[in-house]
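J.: have a look at this fold, sequence not included:
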């Protein structure tokens, strides 16, 4: 596979785009630019979701939506101290203990302003303080400004979005660590599937969707299918994996490098079951083609849960890429899992034709 055909190269390209929840415009544009050559039409909705349509060859075949979210976890400027230090809050579920000491970028209208999350000098930190994670309300970003007015002149104002400024790094065994694997990897997968089918259309019509505000409540997914004539949907996302020293298999049994996750349901405040008809369609495909995969209940939530509540209920399930260190600046995944996920989706849609039923009875 040449460099320009590489899904990993596409991931790296998308990982450079900064688009925290509620501020997805840069990623909306990137998604459109990347997918437009492979589809019949693409448009944005007032809500911000991006809908790309690739017409199939048989109008009687089921219509399926592949949905990846465009946003990433981040932060937002809450206030600026008179001395120029920036107070901030979370956009999404960033892990609090991973924030102090990190490099952040404040995405001002003038361009990114780099800062660091400061901390009390170790020489005067008490033993109790040294072993305590401060709440984000006590944290601050040092951008080098000497006053609130100087910060304002730099473009930093209340309500300005913020992301980690960590860049992707390669680890041994081809693993990759990056701050926005969730869900840049899913977006890369969706675009790659569209590119694959542009060469030879499947029977089924496919909608490739970039959803907004997933990290702050699955909000884009509430509306992304509302005006579409779809028979089923698949959320293409990442999810927490275990097999690290501080995680018991009892709590997280998925493993990075062992294949895409085909989820029966999701575990948040309660277990919620996804469409077993859609799940079995994906699982049978993986089994028939010998593609590595893992089956279970994921921790967290995806757009599938909201799509299942659209109109009369659109049968939906999730396929995901396992990642370690979720919602931190050093999420880790295996490109092999990403590649195997796209294979499952490609074969599943390729085999989809008239007669397929996702009815529960």
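T.: That came in fine, so what should we check first? In this text the structure is predicted, and so the values were computed from the model without any measurement.
J.: now stretch 219-236: average pLDDT?
T.: On average, the pLDDT along stretch 219-236 is 95.
J.: which positions in that stretch come out as buried?
T.: 219-225, 228, 230-236 (16 or more other Cβ atoms under 10 Å). To be clear about C-beta, it is placed using only N, CA and C from the backbone, and glycine gets the same treatment.
J.: number of nearby residues for the closest residue to residue 82 other than its chain neighbours?
T.: Nearest residue to residue 82, sequence neighbours excluded (Cβ to Cβ, 6 or more residues apart in numbering): residue 148, at 5.4 Å. By other Cβ atoms under 10 Å, 17 other residues sit near residue 148.
J.: same thing with residue 277?
T.: 15.
J.: just checking, next helix/strand downstream of the helix or strand bottoming out on mean pLDDT in the chain?
T.: Least confident element among the helices and strands of the chain, by mean pLDDT, DSSP states H and E: helix 127-130 (a mean of 83). Using DSSP states H and E, the helix or strand that directly follows helix 127-130 along the chain is strand 141-142.
J.: relative to residue 7, how far out is residue 238?
T.: 14 Å (Cβ to Cβ, to the nearest Å).
J.: more neighbours: those two, which one.
T.: Set residue 238 next to residue 7 and count neighbours by other Cβ under 10 Å: residue 238 wins out with 29 against 20.
J.: residues contacting that one?
T.: Listed by Cβ atoms under 8 Å, 6 or more residues apart in numbering, the contact set of residue 238 reads 181-183, 185-186, 320-323, 326, 331, 333.
J.: tell me which element it is part of?
T.: Residue-wise, residue 238 maps onto strand 232-240 under DSSP H and E.
J.: partner strands of that strand, parallel or antiparallel?
T.: strand 63-69 (parallel), strand 316-323 (parallel) (DSSP bridges).
J.: okay, those, which one's buried deepest?
T.: Of all those, strand 316-323 has the most neighbours on average by mean count of other Cβ atoms under 10 Å, namely a mean of 28.
J.: from the contact counts, what lies against the next helix or strand along the chain from that one?
T.: Counting by DSSP H and E, the next helix or strand C-terminal to strand 316-323 is strand 331-333. Helices and strands touching strand 331-333, as assessed by 3 or more Cβ pairs under 8 Å, 6 or more residues apart in numbering; DSSP states H and E, comprise strand 176-178, helix 181-199, strand 316-323.
J.: go again using 6 Å as the cut-off
T.: strand 316-323 (3 or more Cβ pairs under 6 Å, 6 or more residues apart in numbering; DSSP states H and E).
J.: quick revisit: ok now the least confident helix or strand of the chain, how far from the chain's centre?
T.: Distance of helix 127-130 from the chain centroid (Cα atoms, centre = their mean, to the nearest Å) equals 35 Å.
J.: again with stretch 79-91
T.: With Cα atoms, centre = their mean, you get 27 Å for stretch 79-91.
J.: what's the first-to-last distance across it?
T.: With Cα to Cα, to the nearest Å as the measure, stretch 79-91 spans 15 Å from end to end.
J.: one more: stretch 149-160?
T.: Length of stretch 149-160, first residue to last, Cα to Cα: 15 Å.
J.: please apply the same query to stretch 64-78.
T.: In stretch 64-78, first residue to last residue: 40 Å (Cα to Cα).
J.: how far out from the middle of the chain is stretch 137-150?
T.: That offset, for stretch 137-150, works out to 30 Å (Cα atoms, centre = their mean).
J.: contacts for it?
T.: Stretch 137-150 is contacted from outside by 80, 82, 84-87, 104, 113, 115-118, 151, using Cβ atoms under 6 Å, 6 or more residues apart in numbering.
J.: go on, stretch 27-35?
T.: The contact list for stretch 27-35 (Cβ under 6 Å, 6+ apart) reads 17, 19, 42, 50, 52, 70, 191, 194, 208, 210.
J.: hmm, 10 Å instead?
T.: For stretch 27-35, contacts defined as Cβ atoms under 10 Å, 6 or more residues apart in numbering pick out 10, 13-14, 16-20, 24, 39, 42-44, 48-50, 52, 54, 68-72, 180, 183-184, 187-188, 190-195, 198, 208-210, 212.
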